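Student: Whatever this is, show me its structure:
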Amino acid sequence: MPKMFLLFSHKLTDEQIKDARESLNVDEFIYLPKKLQKLWSDIPPDIEDIDDYLKPIEDFLKKYAKPNDYVLIQGDFGATYKLVNFAFGNKLIPIYSTTKRIVKDINKDGKIITIREFKHCRFRKYKPHCSKV
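Tutor: Numbers count the residues shown, from 1 in each chain. Got it, this is the predicted structure:
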């Protein structure tokens with residue numbers, strides 16, 4: 001059964017865990033070690049090239065992930081793009097979680113309070129980009 005490696009900035013919800021087990025047959029969830037999680041969650045916006053910065057995460061995946069394991073990748077756009085391509089190149093399955101946003105406005109004491117709830121819908125596979133040049 002495949003594992004799911006988690007490259008994102010929060011913990012899976014019970015609903016996401018249930019969905020991954022049922023729809024993807026995932027039997028194990030692998031969070032990044034604390035040092036790598038901090039690296040993923042705090043990508044500096046001022047560096048021009050993030051290739052070297054992300055190398056420890058790539059090395060972690062090379063060491064522990066096997067072909068056809070899932071990698072849930074969400075975060076900084078450039079880092080996500082890079083690691084989705086890395087996943088394809090290493091026979092991993094890059095995915096992301098889709099959500100439904102539920103917005104509620106509450107009028108309280110003359111103020112409008114907006115509450116945003118994000119409800120997991122499904123996991124979706126990233127598709128490789130193919131272009132004809």
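
Student: Not counting stretch 113-131 itself, show me its contacts.
Tutor: With contacts defined as CB atoms under 8 Å, 6 or more residues apart in numbering, stretch 113-131 is touched by 13, 15-16, 19-20, 23-24, 70, 72-73, 84, 87-88, 93-107. Heads up, the C-betas are built off the backbone N, CA and C, glycines and all.

Student: For the buried ones among these, write the corresponding PyMOL selection.
Tutor: In PyMOL, a selection of the buried entries from those looks like this (16 or more other CB atoms under 10 Å):
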select buried, resi 16+19+20+24+70+72+73+84+87+93+94+95+96+97
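
Student: Sort out which of the contacts of stretch 113-131 are in strands and list them.
Tutor: 70, 72-73, 93-107 (DSSP state E).

Student: Give the rounded mean pLDDT of the helix or strand encompassing Leu6.
Tutor: Leu6 belongs to strand 3-7 when assigned by DSSP states H and E. Taken as a whole, strand 3-7 carries a mean pLDDT of 98.

Student: what's the offset of that strand from the middle of its chain?
Tutor: Averaging C-alpha positions (CA atoms, centre = their mean, to the nearest Å) puts strand 3-7 8 Å from its chain's average.

Student: In this protein, mark out all the helices, start to finish.
Tutor: Along the chain, counting by DSSP state H, helices occupy 14-24, 34-41, 51-64, 77-89.

Student: Can you tell me which of those helices is packed in deepest?
Tutor: Highest mean neighbour count among those (mean count of other CB atoms under 10 Å): helix 77-89, with a mean of 16.

Student: CA atoms only for that one, dumped as CSV, please.
Tutor: Extracted C-alpha coordinates of helix 77-89, given in CSV (Å, rounded to 0.1, in the frame of the first residue of the first chain):
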residue,chain,number,x,y,z
PHE,A,77,4.0,28.5,-5.7
GLY,A,78,7.6,28.1,-6.9
ALA,A,79,8.5,25.5,-4.4
THR,A,80,5.3,23.6,-5.2
TYR,A,81,6.0,23.7,-8.9
LYS,A,82,9.6,22.5,-8.4
LEU,A,83,8.6,19.6,-6.1
VAL,A,84,5.7,18.5,-8.3
ASN,A,85,8.2,18.2,-11.2
PHE,A,86,10.6,16.4,-8.8
ALA,A,87,7.9,14.0,-7.9
PHE,A,88,7.1,13.2,-11.5
GLY,A,89,10.8,12.6,-12.2
